[in-house]
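Student: Predicted structure and sequence below. I'll ask about it afterward.
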Amino acid sequence: MLFITVRKTESRISMKLKHKKSLFIFEITESNIKIVKYWLVNHAKRELAGAYAETFSSNSEEAVLSQIVKEGLKKLSYDNGQVILLLPRHNATCRYLKVPAEFPKEIEKIISLQASRYLPYPNSELITAYQKIVTDKSGYSDINLIIAHRAVIERSLKLFAGLVNFKNITVLLSSFGLAGLHNFLFPSDEKPAIIIDADFVSAEVAVSYQQKLLFSRSLRVTSQNWQNVLIEEVNKTSDAYNKEFPGKPADKLIVFSSPNHSQKIADFLSGKVNLPVSAPAYWEKIPAEAAALNALKALEFSFAGLLGGGLGQIQEPLNLMPLQIREKSRLKKKARENLNIAFYAAAIMLIIFFGASKHLDNKRSYLQKLKEELKKVEIEAKSIEELKKRQDIALERLRQKPQATDVLYEINQIIPQGVSLVNIGYEEGKQLIIHGYTPELNNIFQFAGAIEKSAVLKNFDARLRYATKKKLQGAEVVDFEITCVRR
């Protein structure tokens with residue numbers, strides 16, 4: 001049998017270098033938790049410092065999993081470093097799309113409106129991320145869209161509560177870890193490569209090309225059918241990829257698995273799939289402490305995705321961390337920065353003043369001035385507090401159901417130029433339906449985005465129900481309907 005069941009395996013690196021920053025990469029699957037630790041030697045170089053893995057039963061409670069996470073952090077001497085949480089591929093939906101946008105904010109607006117087309121949930125329950133592949137001369141971008149349900153990610157994040165500050169966590173789809181490892185091992189590859197990562201009772205297939213992830217899928221394997229499943233899925237992936245990208249055929253298959261299994265799987269697949277097969281010893285290509293490397297080689301798991309996930313900088317559009325948590329962390333960071341600036345500014349002012357002061361009277365005079373300034377600050381603080389109360393009252397009013405006259409007035413204010421409305425249906429406080437036409441498709445996305453940003457309609461989720469081209473008075477227009485449902 002190729003896959004060996006491991007009840008509990010772990011490694012520990014006792015040496016801790018105070019002058020180096022650490023990076024921890026987690027992957028939590030249905031049956032095991034894996035962790036690797038890197039030392040961040042500099043901006044580009046990483047050094048493997050430790051590895052940990054433990055299995056659990058499928059019916060394990062959240063408290064048990066949280067304890068495993070806690071134990072892994074302890075074994076690897078967690079020091080409040082950065083954490084990357086890999087989301088298993090089967091927990092997300094990926095689509096290769098062409099969108100009429102070039103800049104990040106435009107792309108994010110479009111994909112947030114389109115996400116519910118691919119998963120049957122409201123947009124408010126979905127989290128999206130993307131990687132831009134290329135933008136053509138007309139301003140259209142090819143993107144790899146990732147969609148995950150918020151509850152799935154938040155369930156994993158709960159395991160870190162009280163152990164890791166959420167501001168230190170980035171959530172990344174596991175497929176990008178595989179692509180990252182491929183890019184590290186083969187940085188100058190000019191042709192696409194199919195990657196398979198076989199681990200325990202699951203496997204993942206991905207296609208990487210020019211430092212980008214073009215395609216990925218997950219599959220489940222068992223000890224009874226793993227051989228046939230791998231052969232079938234590799235050929236199926238190759239055929240599907242070649243149909244979507246006919247001018248860029250993959251020229252090789254790369255096998256990642258545990259150090260004890262990679263070459264065995266490659267030998268089995270060789271000659272049974274329509275591509276040349278190789279199994280690079282990825283664990284030997286990454287700078288590592290000797291003890292960490294020996295521990296990793298002893299574990300019966302594939303650490304390919306985890307190692308690849310920590311080898312480069314993660315671009316913000318790929319982060320699947322819930323927006324509220326990211327925004328909260330950003331505000332806290334900004335507040336700390338402002339506090340530090342204020343502290344250093346005050347310290348500099350004091351140093352300059354006391355250095356220039358020759359007499360005690362001058363110092364007393366300066367202290368009096370400081371007191372006067374503090375009084376002014378108190379007055380401003382009170383005005384800010386009053387403004388905050390007014391803002392809270394205004395927000396409370398906005399939460400109330402908007403009246404029909406307010407809705408009509410607001411639509412008249414935000415409607416983009418070139419959009420003509422046929423009719424508007426409004427069920428007070430529940431639903432708004434807008435039917436119209438426009439010569440440009442982009443106007444529709446602009447209109448939908450303006451609705452969600454509107455002070456009156458901000459509590460409504462705008463969805464494009466349909467957009468159809470038709471002839472109107474001899475000209476071609478896009479007939480559309482936007483449905484807005486109150487959250």
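Tutor: Received, thanks. A quick note: this is a predicted structure, and the numbers were derived from the prediction, not measured.
Student: C-terminal to the strand or helix carrying residue 35, what's the next element?
Tutor: Taking DSSP states H and E as the criterion, residue 35 maps to strand 32-40. Downstream of strand 32-40, the first helix or strand assigned by DSSP H and E is strand 46-55.
Student: Return the distance of that following strand from the chain's centre.
Tutor: Counting by Cα atoms, centre = their mean, to the nearest Å, strand 46-55 is centred 22 Å from the centre of its parent chain.
Student: Kindly report the same for stretch 119-135.
Tutor: Here the centre of mass of C-alpha atoms in stretch 119-135, compared against the chain's by Cα atoms, centre = their mean, lies 10 Å away.
Student: Start and end of that stretch, how far apart?
Tutor: Between the opening and closing residues of stretch 119-135 there is a gap of 26 Å (Cα to Cα, to the nearest Å).
Student: Could I get the buried residue list for it?
Tutor: The neighbour-count check on stretch 119-135 (16 or more other Cβ atoms under 10 Å) flags 119, 123, 126, 127, 128, 129, 130, 131, 132, 133, 135 as buried. From N, CA and C alone the C-beta is placed, and that goes for glycine too.
Student: thought residue 46 was touching residue 37?
Tutor: No: using Cβ atoms under 8 Å, residue 46 makes no contact with residue 37, being 10.1 Å away.
Student: Give me the mean pLDDT for stretch 55-72.
Tutor: Throughout stretch 55-72, pLDDT has a mean value of 92.
Student: Any buried residues in that stretch, and which?
Tutor: So stretch 55-72, judged by 16+ other Cβ under 10 Å, has buried residues 55, 56, 65, 66, 68, 69, 70, 72.
Student: Compare residue 46 and residue 37 (neighbour count), which wins?
Tutor: Each of residue 46 and residue 37 has its neighbours counted (other Cβ atoms under 10 Å); residue 37 has more, 29 against 20.
Student: Which strands and helices lie in contact with the strand holding residue 35?
Tutor: For strand 32-40, the packing partners by 3 or more Cβ pairs under 8 Å, 6 or more residues apart in numbering; DSSP states H and E come out as strand 21-28, strand 46-55, helix 62-75, helix 304-309.
Student: Can you add distance to residue 148 and give the ones you listed back as CSV?
Tutor: As requested, the helices and strands packed on strand 32-40 are arranged in CSV below (distance: least, Cβ to Cβ, whole Å):
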stretch, distance to residue 148
strand 21-28, 14
strand 46-55, 24
helix 62-75, 19
helix 304-309, 16
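Student: quick one: which of these is nearest residue 382?
Tutor: Judged by Cβ to Cβ, the one of these that comes nearest to residue 382 is strand 21-28, at 41.9 Å.
Student: what lines up beside that closest one in the sheet?
Tutor: strand 32-40 (antiparallel), strand 82-87 (parallel) (DSSP bridges).
Student: What is the distance between stretch 406-419 and the centre of its chain?
Tutor: When C-alpha coordinates are averaged (Cα atoms, centre = their mean), stretch 406-419 and its chain have centres 34 Å apart.
Student: Stretch 92-104 now?
Tutor: 14 Å.
Student: mind saving the C-alpha coords of the strand holding residue 35 as PDB?
Tutor: What follows is strand 32-40 as a C-alpha-only set of coordinates in PDB (Å, rounded to 0.1, in the frame of the first residue of the first chain):
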ATOM      1  CA  ASN A  32      -4.700  16.100   9.700                       C
ATOM      2  CA  ILE A  33      -3.100  19.400  10.700                       C
ATOM      3  CA  LYS A  34       0.300  20.200   9.200                       C
ATOM      4  CA  ILE A  35       2.700  23.100  10.100                       C
ATOM      5  CA  VAL A  36       6.000  24.200   8.800                       C
ATOM      6  CA  LYS A  37       8.200  27.000  10.300                       C
ATOM      7  CA  TYR A  38      10.500  29.300   8.300                       C
ATOM      8  CA  TRP A  39      13.100  31.700   9.400                       C
ATOM      9  CA  LEU A  40      12.800  34.900   7.300                       C
END
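Student: Now do that strand and helix 62-75, the angle between them.
Tutor: Interaxial angle, strand 32-40 versus helix 62-75 (axes from the mean of the first three to the mean of the last three Cα atoms, to 10 degrees): 30 degrees.
Student: Adding distance to residue 429, write the buried residues of stretch 55-72 out as CSV.
Tutor: Formatted as CSV, the buried residues of stretch 55-72 follow (distance: Cβ to Cβ, whole Å):
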residue, distance to residue 429
55, 50
56, 46
65, 41
66, 41
68, 46
69, 43
70, 46
72, 48
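Student: re earlier: what does the strand holding residue 35 contact?
Tutor: Outside strand 32-40, the residues that touch it by Cβ atoms under 8 Å, 6 or more residues apart in numbering are 6, 13, 17, 20-27, 46-56, 65, 68-69, 72-73, 76, 200, 292, 296, 301, 303, 306-307, 310.
Student: ditto for stretch 272-290
Tutor: When contacts are defined by Cβ under 8 Å, 6+ apart, stretch 272-290 is touched by residues 13, 15, 41, 45-50, 181, 184-185, 194, 231, 234-235, 238, 250-257, 259, 262-263, 265-266, 269-270, 293, 296-297, 303-304, 307, 311.
Student: What subset of those is buried?
Tutor: Buried positions within the contacts of stretch 272-290, assessed by neighbour count (16+ other Cβ under 10 Å), are 13, 46-50, 181, 184-185, 194, 234, 238, 250, 253-257, 259, 262, 265-266, 269, 293, 296-297, 303-304, 307, 311.
Student: related to what we said a few turns ago, mean confidence score for the strand holding residue 35?
Tutor: The predicted model assigns strand 32-40 a mean pLDDT of 93.
Student: Next: stretch 137-144.
Tutor: The average of the pLDDT scores along stretch 137-144 is 91.
Student: From the opening residue of it to its closing one, how far?
Tutor: Across its full length, stretch 137-144 reaches 19 Å between end residues, using Cα to Cα.
Student: Assess the claim that residue 214 and residue 134 are in contact.
Tutor: No: Residue 214 is not in contact with residue 134 according to Cβ under 8 Å; the separation is 10.7 Å.
Student: Nearest to residue 458, out of the buried residues of stretch 119-135: which one, please.
Tutor: Distance ranking of these against residue 458, using Cβ to Cβ, places residue 123 first at 13.5 Å.
Student: For the stretch 101-250 of the chain, which segments count as helices?
Tutor: Remark: helices assigned in the stretch 101-250 of the chain by DSSP state H, counting those that start in this stretch are 104-114, 150-157, 174-185, 226-244.
Student: buried residues in the last one?
Tutor: Right, the one you point to is helix 226-244. 226, 229, 230, 233, 234, 237, 238, 241.
Student: Show me what it is in contact with.
Tutor: Contacting residues not belonging to helix 226-244 are listed as 2-3, 96, 192, 194, 196, 198, 203, 205, 207, 214-215, 217, 219-221, 249-250, 253, 265, 268-269, 272-275 [Cβ under 8 Å, 6+ apart].
Student: Among the residues you listed, which ones are in strands?
Tutor: Among these, the members falling in strands (DSSP state E) are 96, 194, 196, 198, 203, 205, 207, 214-215, 217, 219-220, 253.
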